[in-house]
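Peer 1: no sequence for this one, just the structure:
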Ligand SMILES: Cc1cc2nc3c(=O)[nH]c(=O)nc-3n(C[C@H](O)[C@H](O)[C@H](O)COP(=O)(O)OP(=O)(O)OC[C@H]3O[C@@H](n4cnc5c(N)ncnc54)[C@H](O)[C@@H]3O)c2cc1C
């Protein structure tokens with residue numbers, strides 16, 4: 001006989017979006033199960049730089065409509081979660097840097113100054129006096145201008161730990177393709193059915209949420225949905241390991257007309273406590289298609305030009321490619337905000353940025369309440385751990 005389990009919500013994908021939603025919706029009294037096909041955090045979340053943006057980076061190249069955008073509220077929102085004052089309590093999450101900086105040593109310094117002065121960015125960015133420079137820039141041997149942003153950087157490993165800790169018995173590993181989606185007579189998805197030799201059971205739910213990043217597309221196809229459209233943006237990320245590397249958290253503004261950060265550096269530690277510089281920004285985008293040696297060559301040259309006072313001789317360079325997965329809502333342009341769409345009882349979601357996850361969770365929570373989804377009474381008889389394995393947590397690329 002095929003056994004049957006039921007819950008209110010099934011979430012697919014254990015990155016930041018799925019794990020945040022799992023916590024948020026469980027706190028609201030819903031019965032929620034999260035299914036993951038790989039290790040938790042193994043997609044974009046652990047590969048992200050962990051910058052909680054206020055959006056200035058995007059305003060710089062004109063890609064964002066300025067101070068009114070949702071993203072400008074996000075640093076304060078995350079800070080309240082980190083202080084234990086939000087629905088999600090992140091007091092145990094480590095902050096790698098309380099500040100994020102923007103540095104320009106190019107001939108475009110005056111252009112940057114004019115730009116920052118001309119927009120309604122007051123309170124969001126402040127020029128740093130040389131005497132107040134952090135140690136890294138005090139040692140600079142080239143002149144430049146330094147600005148402090150409201151952005152800060154979280155440690156994504158500890159962020160995952162916090163979000164997983166209280167939810168372990170609701171998170172399970174499943175094999176891709178080990179289940180099929182079932183629809184009721186109204187054509188709405190109402191269950192998934194596991195029906196192979198090792199497992200035969202049905203998991204029913206009121207709603208299903210796809211928050212599987214790059215994996216959403218396969219899920220959309222498997223569930224025969226028609227509306228949600230996804231897009232991928234590949235990046236070629238570089239990281240540099242070295243005992244003597246001082247930590248730094250900075251966007252370096254280059255001399256391109258758009259003021260797009262040429263390089264975005266965050267600093268992390270590997271398992272041995274060695275410093276790791278993680279390099280994003282324009283170098284990661286223009287590096288797509290370059291092989292490992294070519295990308296590392298570009299990174300070495302760029303670092304030597306931007307930071308001539310740092311010795312990179314005893315450092316190790318590595319790179320890897322990864323896709324950013326987003327909704328395709330406007331002909332392959334980059335979405336500004338978090339996004340979800342519902343079709344046939346299935347919500348398909350992309351936070352667009354780690355930073356915007358609380359906003360995505362607010363929107364989904366409001367939508368569920370407005371759709372009349374009411375928490376059910378928990379059943380004491382069913383235990384999914386009888387049929388499914390727990391999911392493990394992934395580690396950072398640098399170990
Ligand atoms: C290099 C890089 C740097 C970034 N830096 C920043 C930053 O500094 N700040 C910022 O705000 N944003 C940043 N981002 C964006 C941010 O990381 C993503 O928007 C966010 O992590 C997406 O989270 P997610 O949970 O939707 O997806 P993911 O983190 O990709 O998680 C998806 C999960 O779903 C699982 N999965 C896949 N298929 C299935 C399936 N069929 N069933 C169940 N599970 C499945 C995957 O294994 C994975 O665990 C960065 C992204 C990249 C790639």
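Peer 2: That came in fine, so what should we check first? Computed from a prediction, not measured in an experiment: that's the story for all the values here.

Peer 1: residues in contact with residue 388?
Peer 2: Residue 388 is in contact with 35, 172, 173, 174, 199, counting by Cβ atoms under 8 Å, 6 or more residues apart in numbering. C-beta here means a position set from N, CA and C on the backbone, and glycine is covered the same way.

Peer 1: same thing but 7 Å
Peer 2: 172, 173, 174 (Cβ atoms under 7 Å, 6 or more residues apart in numbering).

Peer 1: and it, its phi and psi?
Peer 2: phi -120, psi 150 (degrees, to the nearest 10).

Peer 1: for stretch 143-160, buried residues please.
Peer 2: 144-160 (16 or more other Cβ atoms under 10 Å).

Peer 1: excluding sequence neighbours, find me the nearest residue to residue 296.
Peer 2: Spatially, and ignoring its direct neighbours in sequence, residue 296 is nearest to residue 317 (4.4 Å; Cβ to Cβ, 6 or more residues apart in numbering).

Peer 1: run a quick neighbour tally on that neighbour.
Peer 2: Neighbours of residue 317 under the rule other Cβ atoms under 10 Å: 20.

Peer 1: got the residues of the stretch 101-250 of the chain near the ligand?
Peer 2: Within the stretch 101-250 of the chain, the positions lying close to the ligand (Cβ under 6 Å from any ligand atom) are 176, 211, 212, 213, 214, 215, 218, 219, 235, 237.

Peer 1: which one (most neighbours) among those?
Peer 2: Going by other Cβ under 10 Å, residue 211 tops those with 30 neighbours.

Peer 1: need the residue closest to the centroid of this protein.
Peer 2: Nearest to the mean C-alpha position of the chain, counting by Cα atoms, centre = their mean, stands residue 354 at 3.0 Å.

Peer 1: so it sits right up against residue 46, yeah?
Peer 2: No: using Cβ atoms under 7 Å, residue 354 is not in contact with residue 46; the gap is 10.5 Å.

Peer 1: tell me the bridge partners for residue 393.
Peer 2: Counting by DSSP bridges, residue 393 forms beta bridges with residue 40.

Peer 1: burial count for it?
Peer 2: Going by other Cβ under 10 Å, the residues that sit close to residue 393 add up to 16.

Peer 1: list the contacts for it?
Peer 2: 39, 40, 41, 160, 164.

Peer 1: which of those has the largest number of neighbours?
Peer 2: Counting neighbours by other Cβ under 10 Å, residue 41 leads the contacts of residue 393 with 28 neighbours.

Peer 1: what's the spacing between that one and residue 214?
Peer 2: Going from residue 41 to residue 214 by Cβ to Cβ, to the nearest Å gives 14 Å.

Peer 1: what's the answer for residue 321, then?
Peer 2: Applying Cβ to Cβ to residue 321 and residue 214 gives a distance of 12 Å.

Peer 1: with residue 235 instead?
Peer 2: 12 Å.

Peer 1: how would you label residue 25: helix, strand or coil?
Peer 2: Recorded secondary structure, residue 25: helix (DSSP: H, G, I helix; E, B strand; the rest coil).

Peer 1: okay, now it: neighbour count?
Peer 2: Residue 25, neighbours per other Cβ under 10 Å, totals 23.

Peer 1: and it, what does it touch?
Peer 2: 9, 32, 365 are the contacts of residue 25 under Cβ under 7 Å, 6+ apart.

Peer 1: mind putting those residues into TSV with distance to residue 397, neighbour count and pLDDT?
Peer 2: Compiled in TSV, these are given as follows (distance: Cβ to Cβ, whole Å; neighbours: other Cβ atoms under 10 Å; pLDDT from 0 to 100):
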residue	distance to residue 397	neighbour count	pLDDT
9	31	23	98
32	29	26	97
365	32	18	98
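
Peer 1: out of the residues you listed, which is nearest to residue 396?
Peer 2: The nearest member of these to residue 396, counting by Cβ to Cβ, is residue 32 at 26.8 Å.

Peer 1: so the closest one makes contact with residue 11?
Peer 2: Yes: the criterion here is Cβ under 7 Å, and residue 32 meets it with residue 11 at 6.4 Å.
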